[in-house]
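Visitor: From the sequence below, what's the structure:
(chains A and B)
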2 protein chains.
Amino acid sequence: MTIFTDVKCSPGDLTRVELEACYARTLVNPFSINMTRGLPSSEQLALATDFLFLPGRASFISRNGVDWRNYGCLQGLPEVRALFSETLLGLPTDQVVIAENSSLALMYEALGYAFRYGVPCQNEPWSQVATPKFLCPVPGYDRHFAICDAYQIEMVPVPMLDTGPDMDIVERLVLADPSIKGMWCVPKYNNPCGSTYSPDTVRRLASLPTAASDFVLFWDNAYAVHHLTDDEVSNQPIAQLCEAAGYANRVFIFASTSKIVLPSAGLAFFGASPANIEWFLRHRKSRTIGPDKTNQLRHLLFFGDRQGVVAHMRKHRVLLEPKFKRLEDELSAGFSGVESVTWTRPKGGYFVSLNLPEGCATRVVELALVAGLALTPAGATYPGGIDPYDSNIRLAPSYLDIETLGAAAQILVLCVLLTLAEKNISQL
Amino acid sequence: MTIFTDVKCSPGDLTRVELEACYARTLVNPFSINMTRGLPSSEQLALATDFLFLPGRASFISRNGVDWRNYGCLQGLPEVRALFSETLLGLPTDQVVIAENSSLALMYEALGYAFRYGVPCQNEPWSQVATPKFLCPVPGYDRHFAICDAYQIEMVPVPMLDTGPDMDIVERLVLADPSIKGMWCVPKYNNPCGSTYSPDTVRRLASLPTAASDFVLFWDNAYAVHHLTDDEVSNQPIAQLCEAAGYANRVFIFASTSKIVLPSAGLAFFGASPANIEWFLRHRKSRTIGPDKTNQLRHLLFFGDRQGVVAHMRKHRVLLEPKFKRLEDELSAGFSGVESVTWTRPKGGYFVSLNLPEGCATRVVELALVAGLALTPAGATYPGGIDPYDSNIRLAPSYLDIETLGAAAQILVLCVLLTLAEKNISQL
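Guide: Numbers count the residues shown, from 1 in each chain, chains lettered A, B, ... in the order given. Model (predicted):
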């Protein structure tokens, strides 16, 4: 099926009347496609089938002597930390804590300790600050922004460039304002752009002079091994660069296996300097006796070693890469000659970021919804859900099968072109 | 083996010199026994062996349509809530949330929301209160007290009677002091006494007039199905009584399957009124996308139905009951004629509470440690780790095999009798 069945020309060449006719045809039999979130597909979930039989009758005994079936081991089994610490966090084994199933929950938890007790580099609780602020590269991840809302942290947007957040702005802001306590960073294949912070950006983040001595980078390495091309981007050595710059405690690194094994049934990780790890575990000790070590062992038996993780991620790539290609092909064909619409071509991760002329995103999402395509709400990638330019839409190709994805992309193209026509916005 | 090998009389009849000789003999080949915490034994852990192969290739589809292998379902699978809600919490399915692996973490989390946002019955955050206080029945659970320390909650001890906390004192305190925001309750087979709150105590707790309109009972139903005798104590209808008394939002109920399947690999539950559940989920939504539903399904497949849970707990009882009997037999024999030493005879749970004459507990723990028996530290059952009478020791018989437990009990008897002799304290 295609949306532009009877169209002989490039969609960008259609008149408003022709576009409206196309759109009217889609309303006759509306689709029912949900493209709102970056869910793994059923085929990806099936890659973890063997995981569901584990650990079975495992005779594993950890080198720390802890019985994995009983209480204890707050930091996580050393063998499982060794399996993931370098690959997901770029850190040695003893600088990593394994928690429950959600890295988001770990970010929330670390913020809780910072608000109640302050962080190791300074003892003042963040709750004592009148208006604590976080820098938020935009477009960004809506759930990071929701955590800020929960803690009543004021969000200061910073534009994303191809090299990462605009560092000239970041440097100016953090030097001027001691109430800027932290910054969200998705350094690699980020959500939603799919781009990666350049080495220079990472170096500047590690060595920033800041007005707040307890400024912390919340480094969400969500897509550490989630490559889509042969140009596999390495983890950036942020912890090492912070230490070299004299700010060893500046960064909290987060990761999880949600998009490696199964969403919600994976492991979440916190990585940081030795002082930060001591701080985190000291407070965590009041909160829980220990994490689910059975699930840790399940991971160890499933992956075996680091190469096992890499090999498993290749299987994800085999399923994901054709979807990103199809989306790219549809957008390239649909927007041929339409220069005012751009999008990203990620080398990894789960998202493509679509940029429209100012004032168009809400209308496109609205038109698509009526035609049966649910897109991520316009504005979702901005603090407070408000995109000041109303121009960005996050596209999530992972969940749909390729044919449905193709249809979704064509509906999207149609709705964008129709919006441009409605608003008399030039395609150039 | 026995400690009192050559003793012809009851240990209580030994002179100080004879006791010292016995003790000196134990030091020749000191034991190495750890009885500090209520860990399930290896035999108990083995009861969950089949659990470790699940869910396997399960074709389960939840009635709510959620794919258990993907993101979502913040409240937990309805089928799994139905399995545990009545049995563990005495609540309907929709008044229960399934979280991660630790009920302690849920208590910590609920307190976090109360401190940041206040609870539904009043919107004032508890962080606004100069000195928030909690009533702490003593002796009690050290990890509850550690959570109070973490939140800088002042702990107000209330003596435990055979019927539960001394309600005359509770009623007087909460009526007088609006900064008393909550109370720890282990209502059934409690830690460490093993006793159960009487129906009258539960009714009075539900209907207490309090100075604070946002007073909350933190009802830790840790031992809901952990019976040791045929006299199986039912769950107390605390939520229903609170509602009937006009305080529907007064209670947060917590439970877990840690001591049902495996410690650290179980599920934790939060149960409360509809308004409290809405409050809890509203804040939890910023914290996590959802819990580990694979582990929820694992529970469903392992237990099948409520009767499956009951049947499984019978297997635990078969392993635990002889240990409690052996401990009881050793204490009865060892303290025959020694009326100043008493202990509890629990019908469920994991602990026995030993009460010594004032000023003896620390010395007994010290003597035992030198002889190679690690007991729960004296004072651990009191806020701040300080037992004002220095008289209570928590005994944890679950982990040891029966012969080792017998030896441990005899060392304990010896150390108690020696302490009484050293301090010239009458046995009567």
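
Visitor: chain center to the lengthiest strand in chain A: distance?
Guide: Identified as the longest strand of chain A according to DSSP state E is strand A:154-161. Its chain's C-alpha centre and that of strand A:154-161 lie 16 Å apart, by CA atoms, centre = their mean, to the nearest Å.

Visitor: and the helix or strand that that strand is followed by, which strands flank it?
Guide: Per DSSP states H and E, the first helix or strand lying C-terminal to strand A:154-161 is strand A:164-165. Using DSSP bridges, the strands paired with strand A:164-165 in its sheet are strand A:154-161 (antiparallel).

Visitor: and the strand it pairs with, C-alpha only, in PDB?
Guide: Extracted in PDB, the C-alpha atoms of strand A:154-161 (Å, rounded to 0.1, in the frame of the first residue of the first chain):
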ATOM      1  CA  GLU A 154      14.000  24.700  36.700                       C
ATOM      2  CA  MET A 155      15.000  23.600  33.300                       C
ATOM      3  CA  VAL A 156      17.300  25.800  31.200                       C
ATOM      4  CA  PRO A 157      17.300  24.700  27.600                       C
ATOM      5  CA  VAL A 158      20.500  24.600  25.600                       C
ATOM      6  CA  PRO A 159      20.400  24.100  21.800                       C
ATOM      7  CA  MET A 160      21.800  20.900  20.400                       C
ATOM      8  CA  LEU A 161      24.400  21.300  17.600                       C
END
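
Visitor: Name the residues that touch it?
Guide: Applying CB atoms under 8 Å, 6 or more residues apart in numbering or on different chains, the external contacts of strand A:154-161 come out as A:131-140, A:145, A:148, A:165-166, A:169-170, A:173, A:179-180, A:190, A:193, A:195, A:382-384. In short, each C-beta sits where N, CA and C put it, glycine included.

Visitor: Of these, select the buried ones using a ChimeraX command.
Guide: Restricted to buried positions by 16 or more other CB atoms under 10 Å in any protein chain shown, the ChimeraX selection for those reads:
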select /A:132,133,134,135,136,137,138,139,140,145,148,165,169,170,173,180,190,193,195,382,383
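
Visitor: what packs against the lengthiest helix in chain A?
Guide: Taking DSSP state H as the criterion, chain A has its longest helix at helix A:306-334. In terms of contacts (3 or more CB pairs under 8 Å, 6 or more residues apart in numbering or on different chains; DSSP states H and E), helix A:306-334 is packed against helix A:42-46, helix A:78-84, helix A:293-303, strand A:352-355, helix A:402-422.

Visitor: now the ones you listed as JSON lines including mean neighbour count, mean pLDDT and distance to chain B?
Guide: As requested, the helices and strands packed on helix A:306-334 are arranged in JSON lines below (neighbours: other CB atoms under 10 Å in any protein chain shown; pLDDT from 0 to 100; distance: least, CB to the nearest CB, whole Å):
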{"stretch": "helix A:42-46", "mean neighbour count": "16", "mean pLDDT": "97", "distance to chain B": "4"}
{"stretch": "helix A:78-84", "mean neighbour count": "22", "mean pLDDT": "98", "distance to chain B": "13"}
{"stretch": "helix A:293-303", "mean neighbour count": "24", "mean pLDDT": "98", "distance to chain B": "4"}
{"stretch": "strand A:352-355", "mean neighbour count": "21", "mean pLDDT": "98", "distance to chain B": "19"}
{"stretch": "helix A:402-422", "mean neighbour count": "22", "mean pLDDT": "97", "distance to chain B": "16"}
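
Visitor: Any idea which of these gets closest to residue B:46?
Guide: Nearest to residue B:46, of all these, is helix A:293-303, at 13.8 Å by CB to CB.
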